[in-house]
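> quick one, fold the following:
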Amino acid sequence: MKTIFIVEDETGIRDALQLLLSFENYDVRSFATVEAFNSRDKSVVPDIFILDVRLPDGSGTDLCNQIKEDEATSKIPVMIISAHAKAENVINSCEADEFIPKPFDIDDVLVKIEKLTAQ
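Have a look, this model is predicted:
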């Protein structure tokens, strides 16, 4: 079973992603803040990170850079989701492997997760 870490502050989106991805046989762990994410059990390494750009205590793009600079997680794909940021701005500010604008089509998200975790 593949593991997905989601950092998303909007409860409805976080819960919907968690539920839908769980139905697709993913082990999903979600965090509402950067602080909660940074306090996670680091012995668990996911197959993909899904990050919102705007978080109450930081930025998903900064978190993406942190993930990509850490040797333990640098090769793990990062998907950024945002209602506010533009794809080119995200790509220029971090090394995300994929960008998905909100509102998103869950089938599109699933296809992109499958593609990124199949490598």
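
> contacts for the helix or strand of the chain with the lowest mean pLDDT?
For the chain, counting by mean pLDDT, DSSP states H and E, helix 87-93 ranks last in confidence among helices and strands (a mean of 76). By C-beta atoms under 8 Å, 6 or more residues apart in numbering, the residues outside helix 87-93 that reach it are 53, 61, 65, 80, 82, 96, 99, 101. Just so you know, the C-beta spots here come from the backbone N, C-alpha and C atoms, and that holds for glycine as well.

> and stretch 51-69, how far from the chain's centre?
On the basis of C-alpha atoms, centre = their mean, to the nearest Å, stretch 51-69 sits 9 Å off its chain's mean C-alpha point.

> how much space separates the closest residue to residue 14 other than its chain neighbours from residue 98?
Excluding its sequence neighbours, the residue lying closest to residue 14 (C-beta to C-beta, 6 or more residues apart in numbering) is residue 8, at 4.2 Å. Applying C-beta to C-beta, to the nearest Å, the value for residue 8 to residue 98 is 15 Å.
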